[in-house]
Every structure is written in C-alpha cells, then in structure tokens.
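*Asks:* Sharing a sequence plus its predicted fold:
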Amino acid sequence: MKLGMGLVGPGFIAAHHLDAVRRLGNVEVIGIAGSSLESAKKRARELNAGQAYAGYRELLADPAVHVVHNTTPNHLHREVSLAALRAGKHVISDKPLAATMQEARELYEAAQKANVAHVVTFNYRGYPLVQQARAMIAKGKIGQSVFVHGCYLQDWLTDERAYTWRLDPKLGGASSALGDIGSHWCDLAEHVTGARIVAVLADLHTVVPVREAPDTSAKAFAGAAKSAGKRRKITSEDLASVLLRFDNGARGCVTVGQVLPGHKNDLRLEVNGREGSLAWRQEQPNELWMGHHAKANTVLTRDPSLLEPSVRGYAHLPAGHPEAWADAFRNVIADAYAWIRGGARPEAKPVALPTFADGYRNSLLVDAMLKSHAAGGLWQPVENPLETKRTTRKCG
Ligand code: SOE
C-alpha cells in the first residue's frame with residue numbers, strides 16, 4: 001500500500017523531504033500547506049507537490065495524508081506537530097524538535113501516547129560511515145572512548161547584512177547556533193559513541209551584535225540577501241565553545257559557529273579511544289579516518305563490501321561513486337517509513353532513526369548549555385528524565 005505524505009512549511013528543506021520520499025518509490029505526495037493558500041499553491045506548483053491546502057488544519061483533515069512532515073520555522077513546530085499527533089498522523093519533524101525545552105517535553109509526551117511514528121530529522125545519522133563508526137565503537141574496535149571532540153562551523157551569517165528568523169528568539173528559540181547546528185553535533189556525538197553527555201560548560205558569544213535585517217530572511221548558504229534594512233539588535237549566539245563530560249567518563253569539547261569565513265557545512269566528529277581513534281567530516285563523508293598509536297593510520301573509503309553487515313543497507317552505490325548529503329537524508333526518511341510500515345512499534349524502530357525522545361533529549365542539552373553560559377561559565381548538569389538505568393562504563 002502507498003502511504004500518503006503531506007508537508008507543512010514549504011521552505012528550503014521541504015524540497016529535500018519531497019526528494020527523499022520520491023526516491024522511496026512507495027510514498028504518494030498528497031499535498032502541502034504553507035502560511036496561506038496562495039503561498040501553498042505557488043510552492044505546490046514549483047515543487048510539483050500535489051494539492052495546496054489553505055492551512056495545516058485542512059491538510060490534517062485529509063484522510064489521504066498518513067504522514068506529516070513538519071518543516072515549519074521552529075516557533076511553529078509545537079503547534080503543528082501536536083495537532084498532527086492528535087489527528088493520529090505519523091510525524092516527521094525538522095530539528096530542533098521545538099523552540100524550547102518545555103515544548104519539546106510536551107511533544108515527547110504527546111508522541112508517547114499517540115501510538116504513531118515520531119521522527120526528528122537529525123539527518124547526519126544517515127551517512128553510511130557515521131553508522132560504520134557507531135558500529136565499530138559498539139564492537140569495541142577503538143577500546144574505551146576517552147575524548148569526543150569536533151565542531152560544526154558555517155559562514156552564511158558572516159555578513160552583518162545577513163539576517164534569518166533563526167536569530168529572533170521569538171521565532172527561532174532562545175539559542176541560535178547551538179539550536180540550529182550544535183544540536184546536530186550533540187546528537188551525532190551521542191549516537192556514535194552510545195554515551196550520554198551528562199554535564200556541559202559553555203561559553204557563548206554574539207560576534208555580530210547588530211544586523212541590518214532585509215525584508216526577507218536570508219536563506220542558508222544561498223548568499224544572504226545583502227540589501228540594507230532595519231537595524232536589529234541580536235541577542236542569541238552565533239559562536240559557542242562547550243566542554244563536555246560523558247556518562248562513560250569520556251571528556252569532550254565542541255565549537256559551533258555560523259560567522260566563520262570559509263566554513264560552509266563543516267561538521268567534524270572525532271572519537272579517541274584507548275586503542276584507536278575514528279574521525280569523520282561531513283564535507284568528506286565518504287571517508288572514515290582510523291588512527292592508531294603503534295601502526296599506520298588508515299582511511300576507510302566508503303565501499304559497501306567493506307562495511308559492517310548492519311550498515312551496508314545505508315550505502316547504495318558501489319565504491320568510487322560518492323554518496324552525499326541527500327543520500328544520507330534519504331536514509332533517515334527511508335528508516336522512518338520502514339518503521340511506519342512495520343506498525344511503528346517502539347521495539348521495531350530502526351536503531352539509527354532519531355525520534356521525539358532524541359529531540360527532547362537534545363533540547364535538554366541545549367538548555368543546559370544556555371544555563372551554563374548564563375551562570376558565567378559554570379559546569380551545568382544535563383537533566384535526564386528519560387534515562388532508564390544505563391550501564392556506566394567508567395574510564396581513566
Ligand atoms: C542552516 O544552518 C542549516 O540549514 C541547518 O538548519 C540544517 O539543520 C543543517 O543541516 C545545515 O545548515
């Protein structure tokens with residue numbers, strides 16, 4: 001049976017959701033809702049995305065829509081996802097799950113009761129070599145992890161005439177860079193290591209404290225609109241450095257920034273264990289560096305036949321045929337639909353698939369970072385109401 005999908009919020013990322021479901025071949029694009037019927041009609045035509053609805057409530061009322069993709073700006077995530085869950089639809093939400101930790105908790109709780117699939121697009125999990133790193137660490141290939149570090153650096157907000165709704169706390173949430181991209185890094189670090197961040201010490205900074213906001217929001221990576229506009233004071237961070245402590249005793253640190261010339265989508269993650277290291281870079285996603293102390297370092301180039309059996313399904317092309325961002329995004333969406341087809345039972349969820357529980361967990365992390373900074377740079381424990389008993393593997 002073909003599942004029907006509807007999308008709410010047809011901005012930049014919407015085209016990639018549509019591309020991903022089309023590549024699955026067994027999902028029908030039913031239609032899209034935007035801020036008005038006119039905008040939905042325009043985007044439905046541009047994206048060849050079926051019917052245009054007057055608003056998200058009309059889309060939710062359509063029985064042909066089984067799965068709702070929520071790609072609205074952050075401040076609308078709660079309202080739209082909550083309504084979709086209550087309408088009994090499966091929900092695939094963009095990250096962050098919501099604009100605040102409280103909203104994220106509400107969504108998580110609603111998802112637990114709803115008996116449907118609930119997914120957050122922490123899409124960097126979908127890369128085959130990310131899954132390979134995860135599988136290798138789980139199998140003990142690098143020994144006890146002791147240091148987890150990296151960065152997520154971009155430059156699309158470098159110009160003071162670049163402006164985006166993400167910088168307005170009412171629309172983007174209290175955090176800007178951490179919520180937008182630091183969230184991805186933290187999710188990836190925890191997913192790959194299998195360890196949880198238990199405490200953070202954060203230093204946040206606003207490099208560009210006043211911006212000239214043009215009438216329209218800047219599109220990430222699209223060469224932000226450079227026309228002069230209203231001067232706006234910016235209060236949220238565009239740069240952050242955070243020290244981390246993990247529940248297995250590992251230490252870590254991450255730097256996040258969106259005003260760093262030359263860095264486009266530079267997400268890097270390295271895990272150093274007692275017996276070896278692994279490093280992966282989003283901009284060179286077909287390579288996994290493996291570091292050793294007493295033998296030569298190596299680079300694993302993505303090749304389905306060299307991957308762990310559990311990971312091979314995430315690689316679609318033979319060696320030498322690079323796979324990239326859209327393929328990883330598709331992998332996450334494919335896992336989401338596989339879960340839905342299997343009845344969305346919690347125990348049947350694909351391991352790599354991020355859910356509303358991960359989205360809520362992530363919001364607790366960002367919240368702890370904001371608190372740590374507000375307290376003048378003090379270690380802040382990360383609340384963890386979700387945690388069931390975990391085995392803590394101490395090191396050092
Ligand atoms: C802009 O910073 C952005 O598009 C994020 O919103 C995405 O989540 C990230 O994947 C790429 O950069």
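*Replies:* Structure's in. What do you need?
*Asks:* C-alpha only now, for contacts and for neighbours.
*Replies:* Fine.
*Asks:* Give the phi and psi angles for Val29, as a check.
*Replies:* When read as degrees, to the nearest 10, the backbone of Val29 gives phi -80, psi 110.
*Asks:* Wait, a strand at Gly6?
*Replies:* Yes. Gly6: assigned to a strand according to DSSP: H, G, I helix; E, B strand; the rest coil.
*Asks:* Give me the pLDDT for it.
*Replies:* We have a pLDDT of 98 for Gly6.
*Asks:* from memory it sits against Leu59, does it?
*Replies:* Yes. Gly6 lies in contact with Leu59 (CA atoms under 8 Å); the separation is 6.9 Å.
*Asks:* Please identify which of these two sits among more neighbours.
*Replies:* In terms of neighbours (other CA atoms under 10 Å), Gly6 is the more surrounded of Gly6 and Leu59; the figures are 28 against 24.
*Asks:* circling back: who touches both of Gly6 and Leu59?
*Replies:* Taking CA atoms under 8 Å, 6 or more residues apart in numbering as the contact rule, Gly6 and Leu59 both touch 31-33, 65.
*Asks:* now the protein, which segments are flagged as low pLDDT?
*Replies:* Along the chain, the parts satisfying pLDDT under 70 run over 215-216, 222-228, 388-396.
*Asks:* can you list the domain ranges for it.
*Replies:* As given by automatic domain parsing, the domain ranges for the chain are 3-123, 127-319+362-381.
*Asks:* Identify whichever of these lies nearest to the ligand.
*Replies:* Closest approach to the ligand among these (CA to the nearest ligand atom): domain 127-319+362-381, 5.1 Å.
*Asks:* Contacts (any at all) between the ligand and the closest one?
*Replies:* Yes. Contact between domain 127-319+362-381 and the ligand, assessed by CA under 6 Å from any ligand atom, occurs at 180-181, 220.
*Asks:* Can you tell me how far the residue located most distally from the centre of the chain is from Gly276?
*Replies:* Ranked by distance from the centre of the chain (CA atoms, centre = their mean), the top residue is Ala294, with 36.0 Å. Distance, Ala294 to Gly276, by CA to CA, to the nearest Å: 10 Å.
*Asks:* Find out how far stretch 316-330 is from the centre of the chain, if you would.
*Replies:* Chain-centre distance of stretch 316-330: 18 Å, with CA atoms, centre = their mean, to the nearest Å.
*Asks:* Can you name the residues in contact with it?
*Replies:* Around stretch 316-330, the neighbours that count as contacts under CA under 8 Å, 6+ apart are 16-17, 19-21, 23, 123-128, 285-286, 301-304, 314-315.
*Asks:* Out of the residues you listed, name the ones that lie in helices.
*Replies:* Within these, residues falling in helices by DSSP state H are 16-17, 19-21, 23, 128.
*Asks:* Going through the residues you listed, which ones are buried?
*Replies:* 17, 20-21, 128 (16 or more other CA atoms under 10 Å).
*Asks:* Out of those residues, which is nearest to Leu171?
*Replies:* His17 (21.7 Å; CA to CA).
*Asks:* need the contact list for Leu288.
*Replies:* By CA under 8 Å, 6+ apart, the neighbours of Leu288 are 129, 133, 278-281, 299-302.
*Asks:* Could you rerun that using 7 Å?
*Replies:* Residues in contact with Leu288 (CA atoms under 7 Å, 6 or more residues apart in numbering) are 129, 278-280, 299-301.
*Asks:* Adding neighbour count, write those out as CSV.
*Replies:* What follows is the contacts of Leu288, written out as CSV (neighbours: other CA atoms under 10 Å):
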residue, neighbour count
Leu129, 28
Leu278, 23
Ala279, 21
Trp280, 21
Val299, 13
Leu300, 14
Thr301, 18
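*Asks:* Can you tell me how far Arg232 is from Leu370?
*Replies:* 22 Å.
*Asks:* ok, now which ones touch the spatially most central residue of the chain?
*Replies:* What sits nearest the mean C-alpha location of the chain, by CA atoms, centre = their mean, is Phe122, with 2.7 Å. Residues near Phe122 by CA under 7 Å, 6+ apart: 95, 184, 354.
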